[in-house]
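[1] pasting the structure only:
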């Protein structure tokens, strides 16, 4: 019950944002509101929701804070992050585990989450002092739609998407856009932070990507944390930081079953290959899967404000159908 109540409060915060702004927040967007061209030639831009021009980008969690009775925290975070844009380590992270980045309201962490440490620690990537930054984890992800990764190296999970969910990169979804019905469309879901095979898969794939970009091997361990070699990195809520390469972090897509875990065999995991399509597919699927600390399913908030627990056995196609906002899919009446 506590888990559902927390998720409902966060969902109501998104509705508060929608009531004030006329649209739901994007998963993440440039703070300036500027448009930019994707590798596929599409332009994406978003209204300017954050007052501080010095911020690099922001995510849906940041702009929802004022609508969940956390406006004072929001104002401090915006100012601290913006002021530190040109510093090796932003004042946003000052104070270590007691700093702003590590003090996200506990409302955003599912009470059933069993992770030992709800704060993600990583080495600051370009700070010569080797300082560590600490960031709160967020259990919730916004519905970005029905994207399916093929496992092919050419797939881009940030840009090769149909943009048919409620929140994605620089989205501007209005309530009137949700023609499938608010009771039949996902708004938010839970994410799980535990999966023994993920770090092996992620390191192999990320190292392959870094090599393709020309980074020397000495940088691999340092940069892996930015790209999300641990599930906690994907749950770190600080999608506002200027050096965050994994943006947007706070979204999920319906390309995998609920509570999906890495399915590779022990023999495959013992010989990881970042160019193997099986590893690429497992990496992409696990990063954006819904799940929770509950053994049999996860909680989801729908656009109408209701919260429902969906069993892990919920048909995959049904989860996809309720992930689009205007797909016209037929949803069973007993769903």
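    Sure, I can see it. Being a predicted model, the structure only gives us computed values, none of them experimental.
[2] quick check: buried residues in the top helix by length along the chain?
    Counting by DSSP state H, the longest helix found in the chain is helix 2-21. For helix 2-21, burial by neighbour count (16 or more other Cβ atoms under 10 Å) applies to 3-4, 6-11, 13-15, 17-18. For glycine as for every other residue, the C-beta is placed from the backbone atoms N, C-alpha and C.
[3] min pLDDT across the residues you listed, which one?
    Lowest in pLDDT among the buried residues of helix 2-21 is residue 3, which has 87.
[4] give the contact list for that one.
    Each residue near residue 3 by Cβ atoms under 8 Å, 6 or more residues apart in numbering is listed here: 110-112, 190, 292, 294, 299.
[5] let's go with 10 Å and repeat that
    110-113, 139, 190, 292-294, 298-299, 307, 309 (Cβ atoms under 10 Å, 6 or more residues apart in numbering).
[6] and residue 315, what's its pLDDT?
    For residue 315, the pLDDT comes out at 89.
[7] got it, and residue 69?
    The model reports residue 69 with a pLDDT of 94.
[8] surely it and residue 10 touch.
    No. Counting by Cβ atoms under 10 Å, residue 69 stays clear of residue 10, with 11.6 Å between them.
[9] which residues of the chain score low on pLDDT?
    Along the chain, the parts satisfying pLDDT under 70 run over 1, 30-57, 81-90, 123-130, 148-161, 222, 225-228, 238-251, 253, 334-335.
[10] show me where it has its strands.
    Taking DSSP state E as the test, the strands found in the chain are 28-30, 36-37, 43-44, 57-59, 119-123, 132-136, 140-143, 186-190, 251-252, 297-302, 307-311.
[11] for the fifth one, packing partners?
    Under the contact criterion of 3 or more Cβ pairs under 10 Å, 6 or more residues apart in numbering; DSSP states H and E, the helices and strands touching strand 119-123 comprise strand 132-136, helix 220-227, helix 231-235.
[12] tell me which of these sits most buried.
    helix 231-235 (a mean of 23; mean count of other Cβ atoms under 10 Å).
[13] distance from the chain centre to that helix, please.
    Relative to the centre of its chain, helix 231-235 is centred 8 Å away, using Cα atoms, centre = their mean, to the nearest Å.
[14] contacts for it?
    Contacts of helix 231-235 (Cβ under 10 Å, 6+ apart): 108-109, 113, 115, 117-122, 135-141, 191-195, 198-199, 202, 224-228, 246, 249-252, 286-289, 291.
[15] now residue 11: how far from residue 262?
    29 Å (Cβ to Cβ, to the nearest Å).
[16] for residue 176, grab the count of nearby residues.
    By the criterion of other Cβ atoms under 10 Å, residue 176 has 8 neighbours.
[17] which residues touch it?
    With contact set as Cβ under 10 Å, 6+ apart, residue 176 has these partners: 22-23.
[18] how about residue 203: what's its closest non-neighbour residue?
    Excluding its sequence neighbours, the residue lying closest to residue 203 (Cβ to Cβ, 6 or more residues apart in numbering) is residue 229, at 5.1 Å.
[19] what lies in contact with stretch 324-331?
    24, 143, 145-146, 162-166, 171, 173-175, 177-187, 254, 303, 317-318, 320-323.
[20] tell me how far stretch 260-280 is from the chain's mean position?
    On the basis of Cα atoms, centre = their mean, stretch 260-280 sits 22 Å off its chain's mean C-alpha point.
[21] name the residues of that stretch that come out as buried.
    260-262, 264, 268-269, 272, 274, 276, 279-280.
[22] swap in stretch 174-181?
    Neighbour counts over stretch 174-181 (16+ other Cβ under 10 Å) mark 178, 180 as buried.
[23] repeat for stretch 327-335
    Buried-residue list, stretch 327-335, by 16+ other Cβ under 10 Å: residue 327.
[24] please begin residue numbering at 27 from this point
    In the new numbering, first residue 27, that becomes stretch 353-361.
[25] wait, doesn't residue 208 sit right on residue 44?
    No. Counting by Cβ under 10 Å, residue 208 stays clear of residue 44, with 11.1 Å between them.
[26] intersection of neighbour lists for the two?
    Listed as contacting both residue 208 and residue 44 by Cβ under 10 Å, 6+ apart are 201, 329.
[27] ok, the residue nearest to residue 229 - contacts?
    Here residue 255 is in contact with 148, 224-233, 246-247, 249, 309 (criterion: Cβ under 10 Å, 6+ apart).
[28] so which of these is the most crowded?
    Per-residue neighbour counts (other Cβ under 10 Å) across these peak at residue 227, which has 29 neighbours.
[29] how close does that residue sit to residue 309?
    Residue 227 is 5 Å from residue 309, by Cβ to Cβ.
[30] list residues touching both of these two?
    Contact criterion Cβ under 10 Å, 6+ apart; residues shared by residue 227 and residue 309: 255, 288, 300.
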